[in-house]
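1. Fold the following for me, if possible:
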Amino acid sequence: MRTPEDDAALLESYEAELRGDAAAALDAMRRTFYVVGSRRPATLEYLARLGDSAPEWLIARWLRDQAYGWMMYEGDLRVGVAAKYATLTHGVPDLADEPLAAWFDAYAPRVAASDTLCQAFALYDGGGLASFLDQRASPALIDRAGRVREWSDAPLQVYELSGTEGEVLIVRDHASGREHRTLHVGAAVGNAPGDLVLGRLVPIETAPGLMFERRPMLLDRVTADSLVEVLDEDDPVPLCAELLRAADEGRLPYRPGTRVSTMLWSDLLDDPSRGAHQSHASYEDPYDDDPLGEVDDFEDGPIPGRVRDYMDAGLQRDIAEALCTCEMALDMPKVVPGSIGVLAQHAIYNLANPLVYEAARRHLVRPGDADGWEAIARCVPEPSRSQCLELAELARAA
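-> Next comes the predicted model:
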């Protein structure tokens, strides 16, 4: 049961974030309740480790999440309105008015907690981000966040993915045909050149000057063409109606905004129940009455030989698996040179976990690894690039 002590610790955690003190925010968070499967602990741990070296785009994304966290904490009515819009993409049951209202009252908190469309409607269409930056955010943290004040004016648009060049993702506006060079932190992984996505490009100080505000949503061409016609409207309903129509016709999944949630530092999609940043037993699908997956079966399944080697060396299974992903990023491009861009994103996603990084410092700094780490470094931005270059230096010294 929620207690006054819980409320005090939660407020303490949010206020520490305002000051930019991720370590204190994490400490207070651990003294109270939080959503099972939340990525916030891993985010705060990562930011605490980076300290003042965190890049400005990462601080800007942190402020974005802070803004929505405060809206949720304070019961901002704009979140409730945004949840009504986003729920349209989930498919609404055919019920009479009274039971439908009861269903929505029970369902809306799930949407508010996990649907990125709901967050976008509240932060951008509803003005929540601008309000937070003007009224609540720390000026010192805003100063570290580059061009975050301009994010509120960035429109949601349809883009075509054109390809990657090192740490740059090239996209083309589907309506105007204009090409944009953007910072790549994983949005292209799992997609292909020519794919169409719905996303928000925001200005950053880091070259090349733009990035997706969060991982964009994959679209089919019919929906992409339809959305170009409605995205200029102030009302989110036509957007949601097009996404629902695509789901009803089997072109897109229902609740698409719940399927692009990622870590703060990466746009790489990952199964949150099977990752090096979270214990296997901690994830629960908010749209399922039962936990996602059979954890015991997964843990007892066959263990690949290389994973077993690292487990025999003392690593936990999830860390051993993450280390194997990094090792593949070092070795596979020697056989398939074009794979380096994708594998580099998977490697740095896992290296963000300090246990994986320390394991890499012990096991993946063999003399032949230096070139591989330098190749990965050329495909990724800071702070991941420095990690890879440090590993390359250790390998050359081996």
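
2. just for the stretch 201-350 of the chain, where's the confidence low?
-> 270-301 (pLDDT under 70).

3. Which stretches in it count as helices?
-> 221-230, 237-248, 295-300, 305-312, 317-335, 340-351 (DSSP state H, counting those that start in this stretch).

4. Single out the most deeply packed of those.
-> Among those, ranked by average contacts under mean count of other Cβ atoms under 10 Å, first place goes to helix 340-351 (a mean of 25). Any C-beta I mention is one placed from the backbone N, CA and C, and that applies to glycine too.

5. hang on, the earlier thing: the helices of the stretch 201-350 of the chain: which one's closest to residue 372?
-> Residue 372 sits nearest to helix 317-335 of all these, at 3.5 Å, using Cβ to Cβ.

6. just checking, what packs against the closest one?
-> helix 305-312, helix 340-351, helix 354-363, helix 370-377 (3 or more Cβ pairs under 8 Å, 6 or more residues apart in numbering; DSSP states H and E).

7. Any idea which of those helices gets closest to residue 3?
-> Closest among the helices and strands packed on helix 317-335, once you apply Cβ to Cβ, is helix 354-363, at 32.2 Å.

8. And the average pLDDT for that closest one is what?
-> Averaged over helix 354-363, pLDDT sits at 97.

9. how much does that helix deviate in direction from helix 370-377?
-> 150 degrees (axes from the mean of the first three to the mean of the last three Cα atoms, to 10 degrees).

10. can I have helix 354-363 written out in PDB, keeping just the CAs?
-> Output in PDB follows, covering the C-alpha atoms of helix 354-363 (Å, rounded to 0.1, in the frame of the first residue of the first chain):
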ATOM      1  CA  PRO A 354      29.000  -1.600 -16.500                       C
ATOM      2  CA  LEU A 355      29.200  -5.300 -15.800                       C
ATOM      3  CA  VAL A 356      29.400  -6.000 -19.600                       C
ATOM      4  CA  TYR A 357      31.900  -3.300 -20.100                       C
ATOM      5  CA  GLU A 358      34.200  -4.700 -17.300                       C
ATOM      6  CA  ALA A 359      33.800  -8.200 -18.800                       C
ATOM      7  CA  ALA A 360      34.800  -6.800 -22.200                       C
ATOM      8  CA  ARG A 361      37.900  -5.200 -20.600                       C
ATOM      9  CA  ARG A 362      38.900  -8.700 -19.300                       C
ATOM     10  CA  HIS A 363      37.900 -10.900 -22.200                       C
END
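
11. buried ones in that helix?
-> Of the residues in helix 354-363, 355-357, 359-360, 363 count as buried by neighbour count, 16 or more other Cβ atoms under 10 Å.

12. can you give me the strands in the chain?
-> Along the chain, counting by DSSP state E, strands occupy 156-165, 168-173, 179-183, 196-203, 210-212, 217-219.

13. returning to that earlier point: turn the helices and strands packed on helix 317-335 into CSV, columns for distance to residue 28.
-> Converted to CSV, those look like this (distance: least, Cβ to Cβ, whole Å):
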stretch, distance to residue 28
helix 305-312, 35
helix 340-351, 27
helix 354-363, 21
helix 370-377, 35
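
14. Indicate which one of these is closest to residue 13.
-> helix 354-363 (21.0 Å).

15. circling back to that earlier point, widest-spaced pair of the buried residues of helix 354-363?
-> Largest separation among the buried residues of helix 354-363 by Cβ to Cβ: 355 and 363, giving 12.2 Å.

16. sorry, back to before: return the member of the buried residues of helix 354-363 nearest to residue 181.
-> Lowest distance from residue 181 to the buried residues of helix 354-363 (Cβ to Cβ) belongs to residue 357, with 29.1 Å.

17. nearest spatial neighbour of the closest one, skipping sequence neighbours?
-> residue 351 (5.0 Å; Cβ to Cβ, 6 or more residues apart in numbering).

18. List the contacts of the one you found.
-> Going by Cβ atoms under 8 Å, 6 or more residues apart in numbering, residue 351 touches 326, 357, 360, 384, 387-388.

19. what about the stretch 1-150 of the chain, any weak spots by pLDDT?
-> 35-37.

20. where exactly do the helices run in it?
-> 4-19, 22-29, 40-50, 56-73, 77-87, 97-114, 116-120, 128-135, 139-143.

21. Can you tell me which of those helices is most buried?
-> Buried most deeply of the helices of the stretch 1-150 of the chain, by mean count of other Cβ under 10 Å, is helix 116-120, with a mean of 26.

22. what comes into contact with that one?
-> 68, 79, 82-83, 85-86, 89, 111-112, 156, 200, 214, 240, 256-258, 260-261.

23. One more pass at 6 Å, please.
-> Helix 116-120 is contacted by residues 68, 82-83, 86, 111-112, 257, 260 when judged by Cβ atoms under 6 Å, 6 or more residues apart in numbering.

24. again with stretch 182-195
-> Under Cβ under 6 Å, 6+ apart, the answer for stretch 182-195 is 161-164, 167-169, 171, 206, 210-212, 215-216, 266-269, 342, 345, 381.

25. Of the residues you listed, select the buried ones using a PyMOL command.
-> To isolate the buried members of the contacts of stretch 182-195 in PyMOL, using 16+ other Cβ under 10 Å:
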select buried, resi 161+162+164+167+168+169+171+206+210+211+212+215+216+266+267+268+269+342+345+381
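
26. tell me the contacts of residue 383?
-> Shown in contact with residue 383 (Cβ under 6 Å, 6+ apart): residue 50.

27. For it, grab phi and psi.
-> Here the main-chain torsion angles of residue 383 (degrees, to the nearest 10) amount to phi -90, psi 0.

28. Cheers, nothing more for now.
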